[in-house]
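S.K.: sequence and computational prediction follow.
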Amino acid sequence: MKKHNFSAGPCILPQEVLKKASDAVQNFNGLDLSLIEISHRSKDFVEVMETARNLVKELLNLPEGYSVIFLQGGASLQFLMTPYNLLKVDGKAAYLDTGAWSYKALKEAELFGEVDIVGSSKEKGYNYIPKNYSVSSDADYLHVTSNNTIFGTQIKEFPKTDSLLVCDMSSDIFSRQMDFSQFDLIYAGAQKNMGPAGTTLVIVKDETLGKTGRNIPSMLDYQVHISKDSMFNTPPVFAVYVSMLTLEWLKKNGGIAEIEKKNEEKAALLYTEIDSNPQFVGYAEKEDRSSMNVTFNLVDKSKSEEFDALWNAAGINGLKGHRSVGGYRASIYNALPIESVKVLVDVMKKLNN
Ligand SMILES: Cc1ncc(COP(=O)(O)O)c(C=O)c1O
């Protein structure tokens, strides 16, 4: 029996995706060659790249005028590619500081120009999303993080601004419906809801590019990668292929509308237990709770050994909180079945008795 995998990332992927991926490593498309030993310029792989790109556009319902590219370097490289490509020389960028990843992103932007931190929840351990902040009209863009993987908070409503809107969606892309055309740039490391580590999805509105007045090295220039269909250099073929398989799985299972219902059901089950079981307390403010990463703690920390033994015995993996927060974090990404959440809830109930 497989473990109940609550890992925060890399994390659970659908079983059928893992099976297809391992088959393709042996023999891809009946070529008698492995997926990872053929040219990325071969017809078979070019088709994979095109299919993955088109699935992203279709699932997110993107209008014309957006490009979809698959890069390397993780979401962390996007922390600097964003200002490189969007922050004008002598310009200013606005950042909403909602967690360690947002903070890392804004530290990179400070290397390129002025950074205005429009709101921060740092003083309360990032357990909520700041609201009612204003963005000055001369900011080139506002950068937000839709879901704070470490702290378990999630932006429910995105700000309306005159500046460009940039979003790090690494830990909740493809998990909930929204109007994706409100963003000018979206990026996400693949290793949560899309695939294995090794590729980063970038979605960018074409008209925003080429306006900074700055020379950009080729590998860091979105326009270069767009003009070469993500093949300016050798793409991470395995990561792109598995991402394509996961997106096909998502489409086959009803797309984002269906997965969102399942994600809400899973989150409701777990938060209800946290709120009704006197042994546990949630970490994030209720209105900002994430439907992807559920952070909680024991009221009586001396019970941690007992609780840890219980969930380990139940076949649960990856429940420990991030080292900067402690406690527990259940990551309930798209591929995690509700049955695994039920197992966790049963374990929590056992501790109560
Ligand atoms: C919201 C968010 N942004 C950025 C990152 C960094 O991603 P990477 O490790 O791909 O650079 C992570 C990693 O977990 C994340 O959760």
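M.R.: That came through, no problem.

S.K.: only C-alpha atoms from now on, for both contacts and neighbour counts.
M.R.: Will do.

S.K.: so which residues on the stretch 151-300 of the chain come close to the ligand?
M.R.: Residues of the stretch 151-300 of the chain that fall close to the ligand, judged by Cα under 6 Å from any ligand atom: 168, 170-171, 189.

S.K.: out of everything not next to it in sequence, what's closest to residue 86?
M.R.: residue 212 (6.1 Å; Cα to Cα, 6 or more residues apart in numbering).

S.K.: that's a strand at that neighbour, yeah?
M.R.: No: going by DSSP: H, G, I helix; E, B strand; the rest coil, the assignment for residue 212 is coil, not a strand.

S.K.: all strands of the stretch 51-200 of the chain, in order?
M.R.: 66-71, 92-97, 114-120, 141-145, 147-148, 153-154, 164-168, 185-189, 200-205 (DSSP state E, counting those that start in this stretch).

S.K.: list the contacts for residue 87?
M.R.: Contacts for residue 87 were tallied using Cα atoms under 8 Å, 6 or more residues apart in numbering; they are 93, 112-113, 140-141, 212.

S.K.: kindly recompute the last result at 6 Å.
M.R.: Going by Cα atoms under 6 Å, 6 or more residues apart in numbering, residue 87 touches 140, 212.

S.K.: mind pulling up the pLDDT for the closest residue to residue 5 other than its chain neighbours?
M.R.: Once flanking residues are discounted, residue 5 sits nearest to residue 317: 4.9 Å by Cα to Cα, 6+ apart. Model confidence at residue 317, given as pLDDT, is 97.

S.K.: same check, this time on residue 350
M.R.: 95.

S.K.: can you start the count at 48 instead of 1 from here on
M.R.: With the count now opening at 48, the last piece we talked about shows up as residue 397.

S.K.: roughly how far does it sit from the ligand?
M.R.: Residue 397 sits 31 Å away from the ligand, going by Cα to the nearest ligand atom, to the nearest Å.

S.K.: do residue 329 as well
M.R.: 19 Å.

S.K.: next, count neighbours for that residue.
M.R.: 21 (other Cα atoms under 10 Å).

S.K.: before we move on, what about residue 233?
M.R.: Residue 233 has 26 nearby residues by other Cα under 10 Å.

S.K.: that one reaches residue 211, doesn't it?
M.R.: No: the criterion here is Cα atoms under 6 Å, and residue 233 misses it with residue 211 at 11.1 Å.

S.K.: before we move on, back to that, number of nearby residues for the residue nearest to residue 52?
M.R.: Neighbour number of residue 364 under other Cα under 10 Å is 14.

S.K.: what of residue 95?
M.R.: Residue 95 - counted by other Cα under 10 Å - has 19 other residues nearby.

S.K.: now do the SS call for it.
M.R.: helix.

S.K.: show the pLDDT at it.
M.R.: Value listed for residue 95 in the pLDDT field: 98.

S.K.: now it: closest residue in space that isn't a chain neighbour?
M.R.: residue 288 (6.3 Å).

S.K.: which is the next helix or strand following the longest helix seen in the chain?
M.R.: The single longest helix within the chain, with elements called by DSSP state H, is helix 302-323. Later in the chain than helix 302-323, the nearest helix or strand by DSSP states H and E is strand 327-329.

S.K.: remind me what that following strand packs against, helices and strands.
M.R.: Strand 327-329 sits against strand 340-345, with contacts defined as 3 or more Cα pairs under 6 Å, 6 or more residues apart in numbering; DSSP states H and E.

S.K.: after the strand it packs on, which helix or strand is next?
M.R.: Counting by DSSP H and E, what follows strand 340-345 is helix 351-360.

S.K.: what's the spacing between that following helix and its chain's center?
M.R.: 28 Å (Cα atoms, centre = their mean, to the nearest Å).

S.K.: over to stretch 84-96?
M.R.: 26 Å.

S.K.: same deal with stretch 139-152?
M.R.: 15 Å.
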